[in-house]
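1. Quick check, what structure comes out for this input:
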Amino acid sequence: MGKANNVLNNYLSDKRRFADLINATVYNGRQVIHPEKLRQISSDTYEDIEYKNSQKLPKRKARYGDLAMRYENSIIRVFLEENQDTISYILPIRDLGYMTARYKKQCQIIKREHDKAKDYANYSERFSGLRKDDKLLPVHVLWLYHGEKKWDGPRSLKDMMNFGSDTDGMSEIFQDYRPHLVCVNEIDDFDPFHTELRKLLEAISIKHKAAGLKAIQNNENFRHVDEETLEAISVMINTPSLWKNRSAIRNTEGSDYDMCTAVRTWKKEIIDETTAKVKEETTDYDTINYVKNLIHNEGFSIERALSALGVPSDKHDYYAAKLKTIATK
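-> Numbering: from 1, shown residues only. This is a model prediction of the structure:
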């Protein structure tokens, strides 16, 4: 799990933010989950069986670092999908595997208690390991994808099936299974969020869209950002200077920070630094990437980006043609 996931994991371990995430994405903003009723539990689980030794003995593969909370008579689990372009094309299978493992573990615990007490009423109960009236705790799983790339993986088990011509109508009787997937870059309305988590997710979403940083600097929501959120944002949108230079952007009237000013300053530093690099010996590939970054982050036109980076005017048409060719591919 990368640095971004670690930061997001720690940030969401705050019970208020965890509850806010579930209420906003599962209950459409209704305040159903109350943070004071949450209790963090062990988050390690075993998803897969691997055979990597010569004896072909099963080896359990552990996944650590995501969040699990106990809420009254339920277990709520959040998996954090990796940043950048990591998309799971077996997400429904992973979700089913986790759910099955959690329920199986509950059955094993109950069975051990009954075996010890020897209180089965009949052979069927002893064979099952559960008594007729035994019940399991429901497990709820949310997958939070915070990458930039648009999610193009399966959203349900049915998406992974090959029904062929389907002349037999098997797709109609197929028992589908749909994991609860939340893609940050697909959230359009952040009003259902009621904690500072809104600012973090909104910053991630804005950064992934065209003119992202420009949108951040003009968004009044980022005039007052608390310290933990600023630190998380600096990692999640890959702007370490936000955190490194936080003392310069502290609001005088309080202990929070003005991220709008920070982004404005950061962008100027990036443009100055990039301009210096362009003036040195750079490849066409480097220059094109610098221009693309300004177009994406600042909303510059090609011509304005080339001028801002100090590219000689007699080379503007050359780079503009290359950029337009890339855009049409």
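
2. what's the distance between Lys104 and Lys111?
-> Using CB to CB, to the nearest Å, Lys104 is found at 10 Å from Lys111. Where C-beta positions appear, they are placed from N, C-alpha and C, glycine not excepted.

3. Who has more neighbours out of these two?
-> More neighbours surround Lys111 than the other of Lys104 and Lys111, with 17 against 11 (other CB atoms under 10 Å).

4. which SSE is Glu113 in?
-> Glu113 belongs to helix 91-117 when assigned by DSSP states H and E.

5. and that helix, what other elements does it pack with?
-> Using 3 or more CB pairs under 8 Å, 6 or more residues apart in numbering; DSSP states H and E, the elements in contact with helix 91-117 are strand 45-50, strand 74-81, strand 139-145.

6. in the longest one, what counts as buried?
-> Right, strand 74-81. Within strand 74-81, the residues that count as buried by 16 or more other CB atoms under 10 Å are 75-81.

7. helices or strands next to that strand in the packing?
-> The helices and strands touching strand 74-81, judged by 3+ CB pairs under 8 Å, 6+ apart, are helix 3-12, helix 15-25, strand 67-71, helix 91-117, strand 139-145.

8. out of these, nearest to Leu157?
-> Of all those, helix 91-117 sits nearest to Leu157, with 4.2 Å by CB to CB.

9. Mind listing what's buried along whichever helix or strand comes after that closest one?
-> Sequence order places helix 123-128 as the next helix or strand after helix 91-117, per DSSP H and E. Buried residues in helix 123-128, counted by 16+ other CB under 10 Å: 125-126.

10. What's the mean pLDDT across helix 123-128?
-> Averaging pLDDT along helix 123-128 gives 96.

11. Return the residues in contact with Ser301.
-> The neighbours of Ser301, taking CB atoms under 8 Å, 6 or more residues apart in numbering as the test, are Ile295.

12. That should have said Arg77, apologies.
-> By CB under 8 Å, 6+ apart, the contact list for Arg77 reads 43, 66-69, 98, 102, 139-142.

13. Now the helix holding Glu113: average pLDDT?
-> On average, the pLDDT along helix 91-117 is 94.

14. what ranges do the strands span in the stretch 151-300 of the chain?
-> Counting by DSSP state E, counting those that start in this stretch, the stretch 151-300 of the chain has strands at residues 180-183.

15. what stretches of the stretch 151-300 of the chain score poorly on pLDDT?
-> By pLDDT under 70, the weakly predicted segments of the stretch 151-300 of the chain are 210-213, 265-282, 296-299.

16. Correct me if wrong: Asp66 contacts Leu80.
-> Yes. Assessed by CB atoms under 8 Å, Asp66 is found in contact with Leu80 at 5.7 Å.

17. How is the protein partitioned into domains?
-> As assigned by automatic domain parsing, the chain contains the domains 3-193, 212-328.

18. Select, out of these, the one closest to Ile206.
-> Ile206 lies closest to domain 212-328 among those, at 4.7 Å (CB to CB).

19. show me the residues around Lys132 that make contact.
-> Lys132 makes contact with 121, 125, according to CB under 8 Å, 6+ apart.

20. where's it relative to Lys118, distance?
-> Applying CB to CB, the value for Lys132 to Lys118 is 16 Å.

21. just checking, Thr86 touches Gly147?
-> Yes. Assessed by CB under 8 Å, Thr86 is found in contact with Gly147 at 6.1 Å.

22. Not counting stretch 158-169 itself, show me its contacts.
-> Applying CB under 8 Å, 6+ apart, the external contacts of stretch 158-169 come out as 90, 92-93, 154, 170-171, 174, 176-177.

23. okay if I get those residues as JSON lines plus distance to Ile302 and neighbour count?
-> Listed next are the contacts of stretch 158-169 as JSON lines, based on distance: CB to CB, whole Å; neighbours: other CB atoms under 10 Å:
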{"residue": "Ile90", "distance to Ile302": "40", "neighbour count": "12"}
{"residue": "Pro92", "distance to Ile302": "41", "neighbour count": "23"}
{"residue": "Ile93", "distance to Ile302": "43", "neighbour count": "17"}
{"residue": "Pro154", "distance to Ile302": "37", "neighbour count": "20"}
{"residue": "Met170", "distance to Ile302": "51", "neighbour count": "11"}
{"residue": "Ser171", "distance to Ile302": "47", "neighbour count": "12"}
{"residue": "Phe174", "distance to Ile302": "49", "neighbour count": "13"}
{"residue": "Asp176", "distance to Ile302": "46", "neighbour count": "11"}
{"residue": "Tyr177", "distance to Ile302": "46", "neighbour count": "14"}
